[in-house]
Structures are given as structure tokens and as C-alpha cells.
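> Coordinates for the following, if possible.
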Amino acid sequence: MDHVDHILIVDDDREIRELVSGYLQKNGLRTSVAADGRQMRSFLDSNSVDLIVLDVMMPGDDGLVLCRELRGGRHKAIPVLMLTARTDEMDRILGLEMGADDYLAKPFAARELLARIKAVLRRTRMLPPNLQISEAGQLLTFGDWRLDTVARHLLDKEGTAIALSGAEYRLLRVFIDHPQRVLNRDQLLSLTQGRDAELFDRSIDLLVSRLRQRLGDDAREPTYIKTVRSEGYVFSVPVEISEPRQ
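Below you'll find the model as predicted:
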């Protein structure tokens, strides 16, 4: 039997939940709904989903808090598409910084939401099979560096912390989660920024350049992030998982 994508809609507005759910079902998707973070957590404890549509403005834990919680826990691989009544640029950036895969402002056309859901699902399935996402709460060691996945900063061999921007951390995390695998620019854009960010190939090149500077990598002869001509980039060193020092 063919797989039918299962979408969880988390929104405190019952009318929106019902309208979105009904439209997605008519277009061949399976749907479930939750009115808040508590219901979302309870549902995910015993069910698997392919994508979460998550409203930002909700009572209690808002969508930004819930998105960050999802990204830090065992459901971190589930794509998240955020909905908001706000149009403020900072809210959109915050959503992407928290790990959302896409962002859609209300009011929206149901057809656009469907198109974005399909695009996010397609992007998240672009990676080669059998890649394992490393666990949060660990120190990820590579070369002379360690990445603290809780504080989201680099530690050099002396233990000095090196701050990373949100975009730098996401890109480095993608490379670390997929070491010694060639990733093209489309894959890197999808995994680090989502559809609403600066979607042009050179933005990845600039971000790679910034990350190389953080790592002290020589752009002409890089140790960590190597350029594969006409294909993309590869994180060329092995990665080990270690427990944080007490």
C-alpha cells in the first residue's frame, strides 16, 4: 500500500484547523489536529507524522517555543511549517532561527499551503538514504574542534567558546550530521534556511566562506569543508560523539 503523508495541524483556532484539515484530506493527505502544545505532545507520543503545520500565536507555549522544543527532542527530524497572523520580518526570522522549514503568513490560500507542504516534504527527502541525525545534548568532535549542541557554539582545543550565528550553526550541523557526503547547494539551502530565506545559490557559498573562517580553514586548501566542483561541498573529516564534561 502506498504511503500517505500524515500532517499534524496545531492551531488554537478550530475553524482554521477544520478548514485546513478538510482541504488537505481532499488533496490526498492524511491529517490530525491539535489545539495547543499539550495536545501536540500527547499525539506525538503515540503517533508518527510526516510534517507539522504549527501556528505561532497560541495561548500557553507559542509556536516558536514548540518549534524549538521539537528541534531539541526526539521529534527533531519532523519538518515544521509555521503559520502566523503577523507579517513582521523579525517573527519570520525567529521562526527560521528556531528551526522551522517554512513560514506562511495568514491569511493564506489553501492551495499555497498545500504547495508549500509538498515542497517541504520533497526537500526533506532529497538527502541520500541511511544518514543518521546526531543526538542533541552531545559534544560533536571533529579535528581540533567540538560543537556544543546545547549552547550552540564551537569549542577550540583549549576549550574557548566561539560564537556562531543561527545560520552558521545550522549549516555546520548539517555538515556534521552528514560527514564525508557530497551535498549540493539545493540540499544545503533546504536543510539550513527553508523556502522563505534568501534562496539563491551564492548565499550558501557566502555562508560556507563565513563558516570556514570560524573554523580557521584555508579557503584554497580547506581541511574541513571541501568544494567538489560542479557538485557542492563535502565535510571531509570524521565526526565523533562525546559526552559533555561535568
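> hey, let's count contacts and neighbours off CA atoms from now on
Fine.
> now this protein, which segments are flagged as low pLDDT?
Scanning the chain for pLDDT under 70 picks out 1, 86-98, 126-137, 193-202, 243-246.
> So which residue is dead centre in it?
Most central residue of the chain, judged by C-alpha distance to the mean C-alpha position with Cα atoms, centre = their mean, is G99 at 4.3 Å.
> Go ahead and list the helix or strand containing it.
Using DSSP states H and E, G99 is not contained in any helix or strand.
> What separation is there between it and R71?
6 Å (Cα to Cα, to the nearest Å).
> Please apply the same query to H3.
H3 sits 24 Å away from R71, going by Cα to Cα.
> This structure: helices as residue ranges?
Counting by DSSP state H, the chain has these helices, from start to end: 14-26, 37-46, 63-72, 89-97, 110-124, 166-177, 185-192, 201-214.
> Could you export the last one as CSV, CA atoms only?
Going back to what we said before, that points to helix 201-214. Extracted in CSV, the C-alpha atoms of helix 201-214 (Å, rounded to 0.1, in the frame of the first residue of the first chain):
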residue,chain,number,x,y,z
ASP,A,201,22.9,29.5,-4.7
ARG,A,202,25.5,32.1,-3.8
SER,A,203,24.1,32.6,-0.3
ILE,A,204,25.3,29.1,0.5
ASP,A,205,28.7,30.0,-0.9
LEU,A,206,28.9,33.1,1.3
LEU,A,207,27.8,31.1,4.4
VAL,A,208,30.4,28.4,3.7
SER,A,209,33.0,31.1,3.5
ARG,A,210,32.0,32.5,6.9
LEU,A,211,32.0,29.1,8.4
ARG,A,212,35.4,28.3,7.1
GLN,A,213,36.7,31.5,8.7
ARG,A,214,35.2,30.4,12.0
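> what comes up buried for it?
Buried positions in helix 201-214, judged by neighbour count with 16 or more other Cα atoms under 10 Å: 204, 208-209, 211-212.
> what does it rub up against?
Residues outside helix 201-214 that contact it (Cα atoms under 8 Å, 6 or more residues apart in numbering): 162, 167-168, 171-172, 185-186, 188-189, 218-219, 222, 224-225.
> redo that, cut-off 10 Å
For helix 201-214, contacts defined as Cα atoms under 10 Å, 6 or more residues apart in numbering pick out 154, 162-165, 167-169, 171-172, 184-186, 188-189, 192-193, 197-198, 215-219, 222-227, 232-233.
> Name the nearest residue to T223, ignoring sequence neighbours.
In space, T223 comes closest to D217 once its chain neighbours are excluded; the distance is 6.2 Å by Cα to Cα, 6 or more residues apart in numbering.
> what's the answer for R14, then?
Take R14 and drop its neighbours on the chain: the residue closest to it by Cα to Cα, 6+ apart is A35, 7.4 Å away.
> shouldn't the one you found be in contact with I9?
Yes: look at A35 against I9 with Cα atoms under 10 Å: they come within range, at 8.3 Å.
> quick one: common contacting residues for the two?
With Cα under 10 Å, 6+ apart, A35 and I9 have common neighbours 17, 55.
> So which of H3 and R71 has more stuff around it?
Taking other Cα atoms under 10 Å, H3 and R71 do not tie; R71 has more neighbours (18 against 7).
> Could you double-check that that one lies in contact with I78?
Yes: shown here, R71 and I78 form a contact pair, counting by Cα under 10 Å, at 8.4 Å.
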